[in-house]
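*Asks:* whatever this is, show me its structure:
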Amino acid sequence: MTYRNGKDVSFTDLVDIMMTLRGEEGCPWDKEQTHESIKKYLVEETYEVLDAIDEKDMYKLCEELGDLLLQITFHARMAEENGHFNINDVIKGIVDKMIRRHPHVFGSEDLETSEQVLVKWEEIKDEERDQPRPVLDVPKNFPALYRAEKLQQKAARVGFDWPDIQGAWDKVSEELGELREAEGTGVGIKEELGDLLFAVVNAARFLGVDAEEALQDANRKFIQRFSYIESQAKAQKVPLQELSLEEMDQYWNQAKKINK
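*Replies:* Sure thing, here's the model as predicted:
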């Protein structure tokens, strides 16, 4: 089977390539992989897609979506080899789900707002399950801040929530105080820090801010400003570690004016 750059291709070609790679005359590395061994790549490719979106680089986004699609095709191929399901089952499943969960588009339901759509979506999800799942059914592999927000959202939907943001702010103050107490005794610092972070995520939720995105933005800002310090040290031909803290602070403040 030969593939050349520039030829017209379809999704079937990707499926065929994966079958060849996993076949008897295929690639030794590809043939050795399992769902468990490659799951880290699924996470990595997902984050690279997110990076491309943040960078507004459509060429990179196209490439990264292809890498992500490869991972999905890889998992589907391994499942087919073991007699579980194939890629067509994956596609049929999501097609059926999208039609079923959009009764306002593909049926006679009358939903006019995004809020109504989300409520109906959750109702249909509950109806699809053979047995009710716990209210706080959130994947454990989500990033911690994102998972905290999802847990709080699900609890809020059944009425377990502060009546307004003041309750959330009070909880932040309470947890900060408990962390300071723990610092003084040296006992339970990790637990109290976790409680404080959870409370801050709750406050962010009331403010309508995605805590995960907010922290990522803060990370990017820190990198930009620290990189400026590095560039100034390089321009002066001085090793970074030989700059005094006062000099670093001066450059940091200059960077703040440049990269707001």
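
*Asks:* pop the domain breakdown of the chain in here.
*Replies:* As assigned by automatic domain parsing, the chain contains the domains 11-98, 145-209, 213-258.

*Asks:* okay, how far is it across the longest one, tip to tip?
*Replies:* Start and end residues of domain 11-98 are separated by 20 Å (Cα to Cα, to the nearest Å).

*Asks:* same question for the last one.
*Replies:* Between the start and the finish of domain 213-258 there is a gap of 22 Å, counting by Cα to Cα.

*Asks:* if we can go back for a sec, nearest to residue 114, of the domains of the chain?
*Replies:* With Cβ to Cβ as the criterion, residue 114 lies closest to domain 145-209 of those, at 13.8 Å. The C-beta positions use only the backbone N, C-alpha and C, and glycine is treated the same way.

*Asks:* before we move on, back to that, what's the most buried one of the domains of the chain?
*Replies:* Stretch with highest mean neighbour count among these: domain 145-209 (a mean of 15; mean count of other Cβ atoms under 10 Å).

*Asks:* now it: mean pLDDT?
*Replies:* Domain 145-209 carries an average pLDDT of 95.

*Asks:* now for the strand or helix carrying residue 149, which elements pack on it?
*Replies:* In this assignment (DSSP states H and E), residue 149 forms part of helix 144-157. Judged by 3 or more Cβ pairs under 8 Å, 6 or more residues apart in numbering; DSSP states H and E, helix 144-157 is in contact with helix 189-207, helix 211-235.

*Asks:* just the CA atoms of the first one, as CSV, please.
*Replies:* Taking Å, rounded to 0.1, in the frame of the first residue of the first chain, the C-alpha atoms of helix 189-207 are listed here in CSV:
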residue,chain,number,x,y,z
ILE,A,189,-0.4,22.3,55.3
LYS,A,190,-1.0,20.3,52.1
GLU,A,191,-4.6,19.7,53.1
GLU,A,192,-5.3,23.3,53.9
LEU,A,193,-3.6,24.5,50.8
GLY,A,194,-5.9,22.2,48.8
ASP,A,195,-8.9,23.6,50.6
LEU,A,196,-7.8,27.2,49.8
LEU,A,197,-7.4,26.4,46.1
PHE,A,198,-10.8,24.7,46.0
ALA,A,199,-12.3,27.8,47.6
VAL,A,200,-10.6,30.1,45.1
VAL,A,201,-12.0,28.0,42.2
ASN,A,202,-15.4,28.4,43.7
ALA,A,203,-15.0,32.2,43.8
ALA,A,204,-13.9,32.2,40.2
ARG,A,205,-17.0,30.2,39.3
PHE,A,206,-19.2,32.9,40.8
LEU,A,207,-17.2,35.5,38.8
